[in-house]
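Novice: Quick one: sequence and predicted model below, then my questions.
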Amino acid sequence: MLEIHASSVRAADGTELTAFECGGGPGPVFVLCNGLGGNIDAWRYLIDDFGPHHRIVSWDYRGLYKSGPAAPGTGYDVETQVQDLRAVLQHFGIQKAVLLGWSMGVQVSFEAWRQMPEIVQGMVLINGTYGSPLATAFSPMLKDSPLAQMLPAIAKAMESVAHLAEPFQPMAQRVTKTKMALKIVKNLGLASQALDEKMFLTLASEVAGLHMPRYMATLNALAAHSALDVLPSITVPVMVVTGDHDMLTPLAQSREMVKAIAGAELLVIPSGTHYTPLEFPELIHLRVEKWLRERFGFTRPFDR
C-alpha cells in the first residue's frame, strides 16, 4: 500500500486546503478530482495500482473532509473549486496532468479545461455528467414525474436546514457502518453485488460526519453548473467510464458527452452503478492502461 503525503495549500481567496501526493514514475501525472461523497480514500485501488508508475495528486474540496471552510465572502461553486485545483497544481509544481474525475469530479474536470486547458493532457471521466446533475438523476425512472422537476428545489431547501442534522450525525455514522445500510443501498439499486462493502461503508460513514451545510452548498453549486458548451472545444484524449445501472448520472449522459467530444471513448460496465470504481476496479484499470498506451504511448513495466 502506497504512502500518501498530505500538504496544506492556501487557495487564491485564502481558503485553507488539504492536498495529497503519492507515487511517482515515468507515466503522466494523475490528478484525482473527487466525487462529492468521497475523498482520496475512494481512489485507493487506483492509487495502489498506478502509483508505482505515476505521480498522483489530489485534494479535499473546500469545506469538506480535511479542507477548511470557504473564506468569508467566497463560496463553493465549481469555478472556484477549479481555482483551488490551480493552487494545488502550483503547490506541487505540476504543469501538465491527466485529470481523473469521478462524479462531481467530472464537472470539475470540464471546468478545468475551460479555465486552464494548457495543463490538461487528457481526461478519464467516471460516473459523471457535464452539468445540472439533479436534473437528470434517477432518470428514466423519474421521467415525466413531478418529483424529477422538484429535486433541485428540494436540495436547495435542504441547504437552509442542513445545520439541524448536526445532533443526529453521530447516530447516522453508526448506522452507515451497518449491514442494514448496505442492504438498503443494494435493494434500491444504487450499488451492485460486486461492491467492495467494507470500503463503501467506510466512505459512507465519513460522508455522514461531514459539515452538512457546506456539503449541501457544494451540491447546490454543482447542480447549478454546466459545462455543456465546453464539450465541443475539447481536443485532448478523453475516456468516459460508466455503468449501465448508474441511476445518479445515467448512461444517457455519458453517451451525450462522448457524442459531443471529438474522439472520446466510452466504456460501459455491465451491472455497474455509480460506484464502478468500487465494484469493477480491475476492469477500469485495464482499460485505462490500454488508453494510456494508445493515446500517450506509455506502457508501464509488467508488474502484475
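Specialist: That came through fine. Numbers count the residues shown, from 1 in each chain.
Novice: Quickly list what the residue nearest to residue 28 when sequence neighbours are not counted is bridged to.
Specialist: Nearest non-adjacent residue to residue 28, counting by Cβ to Cβ, 6 or more residues apart in numbering: residue 98, 4.7 Å away. C-beta coordinates here come from the backbone N, C-alpha and C atoms, glycine included. Note on residue 98: beta-bridge partners residue 30, residue 122, judged by DSSP bridges.
Novice: Residue 98 against residue 46, yeah?
Specialist: No: taking Cβ atoms under 8 Å as the definition, residue 98 is not a contact partner of residue 46, at 11.9 Å.
Novice: To what extent is the closest residue to residue 163 other than its chain neighbours buried, counted in neighbours?
Specialist: Spatial nearest neighbour of residue 163, excluding adjacent residues (Cβ to Cβ, 6+ apart): residue 213 at 5.3 Å. Residues lying near residue 213 (other Cβ atoms under 10 Å) number 19.
Novice: average pLDDT for stretch 194-209?
Specialist: Averaging pLDDT along stretch 194-209 gives 91.
Novice: For it, buried residues please.
Specialist: Neighbour-count burial for stretch 194-209 flags 194-196, 199-201, 203-208 (criterion: 16 or more other Cβ atoms under 10 Å).
Novice: Could you do stretch 38-51 as well?
Specialist: 38-40, 42-47, 49-51.
Novice: cool, and stretch 112-126?
Specialist: Quick answer for stretch 112-126 (16+ other Cβ under 10 Å): 112-113, 119-126.
Novice: Can you identify the element that follows the lowest-mean-pLDDT helix or strand in the chain toward the C-terminus?
Specialist: Ranking every helix and strand in the chain by mean pLDDT, DSSP states H and E puts helix 146-161 at the bottom, with a mean of 73. Next along the chain after helix 146-161, taking DSSP states H and E as the criterion, comes helix 169-175.
Novice: So what touches that next one?
Specialist: 165, 181, 205, 208-209, 212 (Cβ atoms under 8 Å, 6 or more residues apart in numbering).
Novice: Same list as before, those that is, but in JSON lines and with distance to residue 75 included.
Specialist: Formatted as JSON lines, the contacts of helix 169-175 follow (distance: Cβ to Cβ, whole Å):
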{"residue": "165", "distance to residue 75": "20"}
{"residue": "181", "distance to residue 75": "31"}
{"residue": "205", "distance to residue 75": "27"}
{"residue": "208", "distance to residue 75": "23"}
{"residue": "209", "distance to residue 75": "22"}
{"residue": "212", "distance to residue 75": "16"}
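Novice: Can you tell me which of the residues you listed is nearest residue 239?
Specialist: residue 205 (30.8 Å; Cβ to Cβ).
Novice: can you give me the strands for the stretch 51-200 of the chain?
Specialist: Assigned by DSSP state E, counting those that start in this stretch, the stretch 51-200 of the chain shows strands spanning 55-59, 97-102, 120-126.
Novice: how about JSON lines for those, with mean pLDDT and distance to residue 266 added?
Specialist: Converted to JSON lines, the strands of the stretch 51-200 of the chain look like this (pLDDT from 0 to 100; distance: least, Cβ to Cβ, whole Å):
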{"stretch": "strand 55-59", "mean pLDDT": "98", "distance to residue 266": "24"}
{"stretch": "strand 97-102", "mean pLDDT": "98", "distance to residue 266": "15"}
{"stretch": "strand 120-126", "mean pLDDT": "98", "distance to residue 266": "10"}
